[in-house]
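S.K.: Give me a 3D structure for the following:
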Amino acid sequence: MKRRTFLIGSAGLAVGASAGLMPSFAQDAKPEKPALTLGVGGKPLLYYLPLTIAERKGFFKEEGLDVTINDFAGGSKSLQALVGGSVDVVTGAYEHTIRMQDKGQDITAVCDLGRFPGIVIAVRKNLEGEVKSVADLKGRKIGVTAPGSSTALMLQYALLKNGLKAEDASIIGIGGGAGAVAAMKSGEIDGISNLDPVIAQLEFEGDIKVLLDTRTEAGTRELFGGPNPAATVYLKREFAEANPVTTQRLVNAFMKSLKWIGQASPADIADTVPQEYLLGNRDLYMQAVKNSKEMYSPDGMVTKEGYDSMMGVLKTLDPDLANADVAYEKTFDPKFVQAAKT
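M.R.: The predicted model follows:
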């Protein structure tokens, strides 16, 4: 687990947020809990770029927050940390809110970061003659960021959609950085379900053949039939209720980040992220950003259509959720995003 602490300064309001839109409690009040601990699973992934931008551009600082970021091996680990109380908030997959609500735990998203998963399923290049589609992955070893993570979920759903069982491929956790690239290059795994910049590097170096790509709306609709919310900011509802100003300021920072990403060039982004994120190839990283830019949320909102798409995936994939009755409103609280919007 990597641990990064960012010392943050004075408070500020969301860029462009008018007095009429900002909830009265967040107008001039100080954050109730300015020192926050945030969990994430694989921070260097472009899936979590809005978090890195909020950190590097000082948006947390502008909102009066002191954020300590714990980077876990995968999204399921950061969820466990939230449930266990070792982090206050998580940037992680939207589907976790549905799962936890079904278990009676009131965890809700307060800002959408990604409207498409951005996940790519690919096979080792020397297997492309044998593995021509997801349907040919039966019996293969497939690397994911971590078992139980969104990369594993999408792989299992794709297997089902292609006439296989969710367990027909062996799922192996390989992380989301250089270790994932090495696992593919060494032949430790036959295929991969992962994100940029890992996928972009493997593509650039000719190591993989892409079978399924959800970095774009077209690829996402091909698999899911609609949008499919990906990375979100989620927390326990009791935290938001006890710390409404803090929660608003946190969402303000992420909305600033989404706005900045929407206007930034790939070069701007490459200049902003830590050098190690570039994996030794700046041009390659910029291409990865270009490939993934469409997936970031333009407005921070999880739509009802997106919820329906994700609920359909979970009902199909998880027998425990086949008859789940979780209201859309329990999984996403829009008021903080609505207040931060221009």
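
S.K.: okay, CA-based contacts and neighbour counts for the rest of this
M.R.: Will do.

S.K.: so who does Thr108 touch?
M.R.: Thr97, Tyr234, Leu235, Lys236, Arg237, Lys330, Thr331, Phe332, Asp333 (CA atoms under 8 Å, 6 or more residues apart in numbering).

S.K.: can I assume it sits in a helix?
M.R.: No. Applying DSSP: H, G, I helix; E, B strand; the rest coil, one finds Thr108 to be strand, outside a helix.

S.K.: Per-residue pLDDT of it, please?
M.R.: In this prediction, Thr108 carries a pLDDT score of 98.

S.K.: Identify the bridge partners of it.
M.R.: Beta-bridge pairing for Thr108 (DSSP bridges): Leu235.

S.K.: would a markdown table of the contacts of Thr108 with distance to Thr220, pLDDT and neighbour count be doable?
M.R.: Compiled in a markdown table, those are given as follows (distance: CA to CA, whole Å; pLDDT from 0 to 100; neighbours: other CA atoms under 10 Å):
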| residue | distance to Thr220 | pLDDT | neighbour count |
| --- | --- | --- | --- |
| Thr97 | 20 | 98 | 25 |
| Tyr234 | 22 | 98 | 27 |
| Leu235 | 26 | 98 | 25 |
| Lys236 | 29 | 98 | 19 |
| Arg237 | 29 | 98 | 18 |
| Lys330 | 24 | 98 | 15 |
| Thr331 | 21 | 98 | 25 |
| Phe332 | 21 | 98 | 25 |
| Asp333 | 24 | 98 | 19 |
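
S.K.: tell me which of those is nearest to Gly42?
M.R.: Tyr234 (16.0 Å; CA to CA).

S.K.: check contacts around the closest one.
M.R.: By CA under 8 Å, 6+ apart, the neighbours of Tyr234 are Val89, Val90, Thr91, Gly92, Tyr94, Thr97, Ile107, Thr108, Ala109, Val110, Cys111.

S.K.: isn't the last one right up against Ala339?
M.R.: No. The pair formed by Cys111 and Ala339 falls short of the contact definition of CA atoms under 8 Å, at 11.3 Å.

S.K.: Which of those two has more residues huddled nearby?
M.R.: Neighbours per residue (other CA atoms under 10 Å) separate Cys111 from Ala339, with Cys111 holding more: 29 against 21.

S.K.: Need the three-state assignment for the more buried one.
M.R.: Cys111 is classified as strand under three-state DSSP.

S.K.: From the contacts of Tyr234, pick the one nearest Gly226.
M.R.: Tyr94 (15.1 Å).

S.K.: check contacts around that closest one.
M.R.: Tyr94 touches Ala109, Pro229, Ala230, Ala231, Thr232, Tyr234, counting by CA under 8 Å, 6+ apart.

S.K.: Not counting sequence-adjacent ones, nearest residue to the first one?
M.R.: The reference is to Ala109. In space, and not counting its chain neighbours, Ala109 is closest to Tyr234: 3.9 Å by CA to CA, 6 or more residues apart in numbering.

S.K.: Next one: that neighbour relative to Ala340, how far apart?
M.R.: The spacing between Tyr234 and Ala340, counted by CA to CA, to the nearest Å, is 16 Å.

S.K.: Over to Lys315?
M.R.: 33 Å.

S.K.: Give me the more crowded residue out of the two.
M.R.: A direct count of neighbours by other CA under 10 Å for Lys315 and Ala340 places Ala340 higher, at 26 against 14.

S.K.: And the strands in the protein?
M.R.: 2-6, 35-41, 66-72, 89-93, 107-112, 120-124, 141-144, 170-173, 191-194, 208-213, 231-236 (DSSP state E).

S.K.: Just list what the fourth one packs against, helices and strands only.
M.R.: This means strand 89-93. The contact analysis (3 or more CA pairs under 8 Å, 6 or more residues apart in numbering; DSSP states H and E) places strand 89-93 against strand 35-41, helix 75-84, strand 231-236.

S.K.: Would you check how far apart the residue sitting furthest away from the middle of the chain and Met184 are?
M.R.: Distance to the chain centre peaks in the chain at Gly129, reaching 32.2 Å (criterion: CA atoms, centre = their mean). Relative to Met184, Gly129 is positioned 17 Å away (CA to CA).

S.K.: Could you do Gly41 as well?
M.R.: Applying CA to CA to Gly41 and Met184 gives a distance of 20 Å.

S.K.: out of the two, which sits in the more crowded spot?
M.R.: Shown here are Gly41 and Met184; by other CA under 10 Å, Gly41 has more neighbours (27 against 22).
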